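>>> Could you work out the structure for the sequence below:
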Amino acid sequence: MSLSLAHCSCVGLLAFGFQVPAVADSLTVTQNVNLVLSPNGKLTVPSSITLFSGNTPFSAFSGTLPVLFRARTSSYGVGAITVQAASDFSPAGGPSIAAGMLTYTCLAALYGTPCSGTQAVSRTLQRPVVNLPSKACTGGGNGCSSADPASVNLLFRLENDVSVQPGNYSVQLTFTISCT
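The predicted structure follows:
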(Lines give C-alpha, C1' and ligand atoms only; values in the text may rest on other atoms or scores of the structure.)
Protein backbone atom coordinates (compact mmCIF):
# COMPACT_ATOMS: atom_id res chain seq x y z
CA MET A 1 0.00 0.00 0.00
CA SER A 2 2.80 2.44 0.64
CA LEU A 3 4.09 1.74 -2.84
CA SER A 4 0.91 3.00 -4.42
CA LEU A 5 0.89 6.09 -2.18
CA ALA A 6 4.42 6.95 -3.16
CA HIS A 7 3.48 6.44 -6.76
CA CYS A 8 0.44 8.74 -6.38
CA SER A 9 2.37 11.46 -4.61
CA CYS A 10 5.11 11.32 -7.22
CA VAL A 11 2.58 11.68 -9.97
CA GLY A 12 1.03 14.57 -8.07
CA LEU A 13 4.38 16.31 -7.87
CA LEU A 14 5.04 15.91 -11.55
CA ALA A 15 1.59 17.08 -12.56
CA PHE A 16 1.39 20.11 -10.28
CA GLY A 17 4.97 21.00 -9.57
CA PHE A 18 6.51 21.19 -13.06
CA GLN A 19 5.78 24.11 -15.38
CA VAL A 20 6.68 24.28 -19.04
CA PRO A 21 7.89 27.77 -19.94
CA ALA A 22 5.69 29.50 -22.53
CA VAL A 23 7.56 29.85 -25.81
CA ALA A 24 6.14 31.86 -28.72
CA ASP A 25 7.43 31.82 -32.24
CA SER A 26 6.15 33.64 -35.30
CA LEU A 27 7.14 33.41 -38.95
CA THR A 28 5.82 35.51 -41.82
CA VAL A 29 6.25 34.44 -45.44
CA THR A 30 5.15 36.36 -48.51
CA GLN A 31 4.41 34.90 -51.92
CA ASN A 32 3.87 36.64 -55.23
CA VAL A 33 1.15 35.27 -57.50
CA ASN A 34 1.54 36.12 -61.17
CA LEU A 35 -1.25 35.72 -63.71
CA VAL A 36 -1.26 36.22 -67.45
CA LEU A 37 -4.76 36.69 -68.89
CA SER A 38 -4.68 36.14 -72.62
CA PRO A 39 -7.30 37.14 -75.16
CA ASN A 40 -9.81 34.33 -75.24
CA GLY A 41 -13.12 33.31 -76.74
CA LYS A 42 -15.72 30.56 -76.47
CA LEU A 43 -18.66 29.74 -78.76
CA THR A 44 -21.77 27.65 -78.24
CA VAL A 45 -24.23 26.83 -81.01
CA PRO A 46 -26.91 24.15 -81.23
CA SER A 47 -25.79 20.96 -82.95
CA SER A 48 -28.35 21.48 -85.71
CA ILE A 49 -31.30 23.56 -86.86
CA THR A 50 -34.07 22.71 -89.26
CA LEU A 51 -35.21 25.21 -91.86
CA PHE A 52 -38.95 25.35 -92.50
CA SER A 53 -40.94 26.64 -95.46
CA GLY A 54 -44.03 28.77 -94.97
CA ASN A 55 -47.53 27.77 -96.02
CA THR A 56 -47.17 29.43 -99.41
CA PRO A 57 -46.00 27.00 -102.14
CA PHE A 58 -42.32 27.43 -102.99
CA SER A 59 -41.74 30.03 -100.27
CA ALA A 60 -38.19 30.21 -98.91
CA PHE A 61 -37.07 28.00 -96.03
CA SER A 62 -35.95 29.81 -92.87
CA GLY A 63 -34.83 29.24 -89.30
CA THR A 64 -33.12 31.10 -86.47
CA LEU A 65 -29.85 29.95 -84.93
CA PRO A 66 -28.70 31.39 -81.58
CA VAL A 67 -24.94 31.90 -81.24
CA LEU A 68 -23.77 32.25 -77.63
CA PHE A 69 -20.28 33.55 -76.89
CA ARG A 70 -17.83 34.68 -74.24
CA ALA A 71 -14.91 36.87 -75.22
CA ARG A 72 -11.99 38.90 -73.91
CA THR A 73 -9.81 41.07 -76.17
CA SER A 74 -6.68 42.99 -75.28
CA SER A 75 -6.35 46.77 -75.17
CA TYR A 76 -4.75 46.70 -78.63
CA GLY A 77 -6.66 43.79 -80.19
CA VAL A 78 -10.10 43.01 -81.54
CA GLY A 79 -12.38 40.00 -81.82
CA ALA A 80 -14.60 38.48 -84.45
CA ILE A 81 -17.04 35.62 -84.94
CA THR A 82 -17.33 34.21 -88.46
CA VAL A 83 -19.15 31.38 -90.24
CA GLN A 84 -18.20 29.25 -93.25
CA ALA A 85 -19.68 26.16 -94.91
CA ALA A 86 -17.45 23.09 -94.70
CA SER A 87 -18.82 21.78 -98.02
CA ASP A 88 -21.90 22.01 -100.20
CA PHE A 89 -25.22 20.45 -99.22
CA SER A 90 -25.27 16.68 -99.27
CA PRO A 91 -26.31 14.45 -100.84
CA ALA A 92 -25.47 15.76 -104.29
CA GLY A 93 -28.28 17.36 -106.26
CA GLY A 94 -29.50 19.44 -103.35
CA PRO A 95 -29.39 23.19 -102.74
CA SER A 96 -26.15 24.91 -103.71
CA ILE A 97 -23.91 26.94 -101.39
CA ALA A 98 -21.85 27.99 -104.42
CA ALA A 99 -24.98 29.43 -106.08
CA GLY A 100 -25.63 31.58 -102.98
CA MET A 101 -28.86 29.80 -102.07
CA LEU A 102 -28.16 29.87 -98.30
CA THR A 103 -28.03 33.34 -96.76
CA TYR A 104 -28.32 34.79 -93.25
CA THR A 105 -29.02 38.04 -91.50
CA CYS A 106 -27.54 38.93 -88.11
CA LEU A 107 -30.20 40.09 -85.70
CA ALA A 108 -29.38 42.42 -82.79
CA ALA A 109 -26.38 41.25 -80.76
CA LEU A 110 -26.28 41.55 -76.95
CA TYR A 111 -22.65 42.65 -77.31
CA GLY A 112 -20.45 43.72 -80.18
CA THR A 113 -21.43 44.81 -83.67
CA PRO A 114 -23.49 42.27 -85.64
CA CYS A 115 -23.00 41.84 -89.38
CA SER A 116 -25.04 44.16 -91.54
CA GLY A 117 -27.27 43.28 -94.45
CA THR A 118 -27.76 39.84 -95.94
CA GLN A 119 -24.71 37.58 -96.03
CA ALA A 120 -24.31 34.61 -98.40
CA VAL A 121 -22.79 31.54 -96.73
CA SER A 122 -19.55 30.62 -98.51
CA ARG A 123 -17.40 27.50 -98.75
CA THR A 124 -14.24 29.53 -99.40
CA LEU A 125 -14.63 32.65 -97.23
CA GLN A 126 -15.35 33.18 -93.55
CA ARG A 127 -18.33 35.53 -93.42
CA PRO A 128 -18.86 37.98 -90.51
CA VAL A 129 -21.25 37.36 -87.63
CA VAL A 130 -20.10 39.73 -84.83
CA ASN A 131 -17.15 42.12 -84.47
CA LEU A 132 -15.80 42.91 -81.00
CA PRO A 133 -13.80 46.04 -80.10
CA SER A 134 -10.53 46.27 -78.17
CA LYS A 135 -10.85 45.82 -74.40
CA ALA A 136 -13.99 43.75 -74.99
CA CYS A 137 -15.14 41.36 -72.31
CA THR A 138 -18.39 39.57 -71.61
CA GLY A 139 -20.02 39.27 -68.22
CA GLY A 140 -19.33 41.14 -65.03
CA GLY A 141 -20.10 44.73 -65.96
CA ASN A 142 -17.47 47.37 -65.04
CA GLY A 143 -16.66 48.14 -68.66
CA CYS A 144 -17.66 44.66 -69.81
CA SER A 145 -20.92 43.49 -71.25
CA SER A 146 -23.25 42.45 -68.46
CA ALA A 147 -24.44 39.53 -70.63
CA ASP A 148 -22.78 36.22 -69.78
CA PRO A 149 -22.78 34.69 -72.26
CA ALA A 150 -23.49 37.30 -74.90
CA SER A 151 -25.49 36.24 -77.94
CA VAL A 152 -26.55 37.02 -81.46
CA ASN A 153 -29.28 35.32 -83.49
CA LEU A 154 -28.77 34.42 -87.13
CA LEU A 155 -31.82 34.24 -89.35
CA PHE A 156 -31.02 31.72 -92.12
CA ARG A 157 -32.90 31.71 -95.40
CA LEU A 158 -32.69 29.11 -98.18
CA GLU A 159 -34.22 29.71 -101.58
CA ASN A 160 -36.86 27.11 -102.48
CA ASP A 161 -35.55 26.34 -105.95
CA VAL A 162 -38.02 24.21 -107.98
CA SER A 163 -35.12 22.48 -109.76
CA VAL A 164 -33.95 20.83 -106.50
CA GLN A 165 -35.32 17.34 -106.15
CA PRO A 166 -37.30 16.46 -103.00
CA GLY A 167 -35.18 14.90 -100.25
CA ASN A 168 -33.36 15.52 -97.00
CA TYR A 169 -30.25 17.68 -97.38
CA SER A 170 -27.73 18.98 -94.87
CA VAL A 171 -24.64 21.16 -94.73
CA GLN A 172 -22.09 21.62 -91.95
CA LEU A 173 -21.33 25.20 -90.90
CA THR A 174 -18.14 26.07 -89.04
CA PHE A 175 -18.25 29.00 -86.61
CA THR A 176 -14.97 30.55 -85.49
CA ILE A 177 -14.23 33.06 -82.74
CA SER A 178 -10.92 34.88 -82.69
CA CYS A 179 -9.70 37.32 -80.04
CA THR A 180 -6.43 39.22 -80.03
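
>>> And the helices in the protein?
For the chain, applying DSSP state H gives helices covering 2-17.

>>> most residues in a single strand of it, which one?
For the chain, the strand reaching the highest residue count under DSSP state E is reported as strand 61-72.

>>> And that one, what's buried?
For strand 61-72, a neighbour-count test (16 or more other Cβ atoms under 10 Å) marks Phe61, Ser62, Leu65, Val67, Leu68, Phe69, Arg70, Ala71, Arg72 as buried. C-betas here are computed from N, CA, C, even on glycine.

>>> Check which helices and strands it sits against.
The helices and strands touching strand 61-72, judged by 3 or more Cβ pairs under 8 Å, 6 or more residues apart in numbering; DSSP states H and E, are strand 40-44, strand 52-53, strand 79-85, strand 127-132, strand 150-158, strand 173-179.

>>> In CSV: the ones you listed, plus mean neighbour count.
CSV is the format used below for the helices and strands packed on strand 61-72 (neighbours: other Cβ atoms under 10 Å):
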stretch, mean neighbour count
strand 40-44, 15
strand 52-53, 12
strand 79-85, 21
strand 127-132, 21
strand 150-158, 19
strand 173-179, 17
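
>>> ok, so what distance separates Asn131 from Thr73?
As for Asn131, its distance to Thr73 is 10 Å (criterion: Cβ to Cβ, to the nearest Å).

>>> Could you measure from the most centrally placed residue in the chain over to Ala108?
Compute the mean C-alpha point of the chain, and by Cα atoms, centre = their mean the closest residue is Lys42, 2.9 Å away. Note on Lys42: its distance to Ala108, by Cβ to Cβ, is 21 Å.
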